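K.L.:
Structure, please.
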Amino acid sequence: MSQKFQVSGMSCNHCVEAVQDAVQAVDPHAQVTVDLETGHVDVLSQQPRQDIVVAIENAGYTVQ
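P.N.:
Residues are numbered from 1 along each chain as shown. Below you'll find the predicted structure:
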């Protein structure tokens, strides 16, 4: 299932990798696409949305 998130606090490629790693810690098979410029994060995963939100926030970013 495709899920879209608006994430703030990302400013560099390290941030992109941190968000991708956080999501893939919850679902190793997740496909994660991050648009650093807009803050859009698209996730293809069967995991519940709230689990992904918590993972991203635990990595230090804000999901709006």
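K.L.:
Name all residues that make contact with H29.
P.N.:
H29 is in contact with S45, counting by Cβ atoms under 8 Å, 6 or more residues apart in numbering. C-beta coordinates here come from the backbone N, C-alpha and C atoms, glycine included.
K.L.:
and if you look at the one 5 residues further on?
P.N.:
For V34, the set of contacting residues under the criterion of Cβ under 8 Å, 6+ apart consists of 7, 10, 16, 19-20, 40-42.
K.L.:
Give the buried subset of these as a ChimeraX selection command.
P.N.:
Of the contacts of V34, the buried ones go into a single ChimeraX selection, burial set by 16 or more other Cβ atoms under 10 Å:
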select :7,10,16,19,20,41
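K.L.:
Redo the contacts of V34 as CSV? Include distance to H29.
P.N.:
Listed next are the contacts of V34 as CSV, based on distance: Cβ to Cβ, whole Å:
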residue, distance to H29
V7, 20
M10, 23
V16, 19
V19, 16
Q20, 13
H40, 21
V41, 16
D42, 15
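K.L.:
Report the contact partners of C15.
P.N.:
Contacts of C15 by Cβ under 8 Å, 6+ apart are 9, 36, 61.
K.L.:
Which parts of this protein are strands?
P.N.:
2-8, 31-35, 40-44, 62-63 (DSSP state E).
K.L.:
Let's have the ones you listed in JSON lines, adding mean pLDDT.
P.N.:
JSON lines is the format used below for the strands of the chain (pLDDT from 0 to 100):
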{"stretch": "strand 2-8", "mean pLDDT": "98"}
{"stretch": "strand 31-35", "mean pLDDT": "98"}
{"stretch": "strand 40-44", "mean pLDDT": "98"}
{"stretch": "strand 62-63", "mean pLDDT": "98"}
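K.L.:
Could you dump those into a markdown table with distance to Q50 added?
P.N.:
Below are the strands of the chain laid out as a markdown table (distance: least, Cβ to Cβ, whole Å):
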| stretch | distance to Q50 |
| --- | --- |
| strand 2-8 | 11 |
| strand 31-35 | 17 |
| strand 40-44 | 13 |
| strand 62-63 | 10 |
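K.L.:
Buried residues, stretch 42-61. List them.
P.N.:
Buried, per 16+ other Cβ under 10 Å, within stretch 42-61: 43, 45, 47, 52, 55-56, 59, 61.
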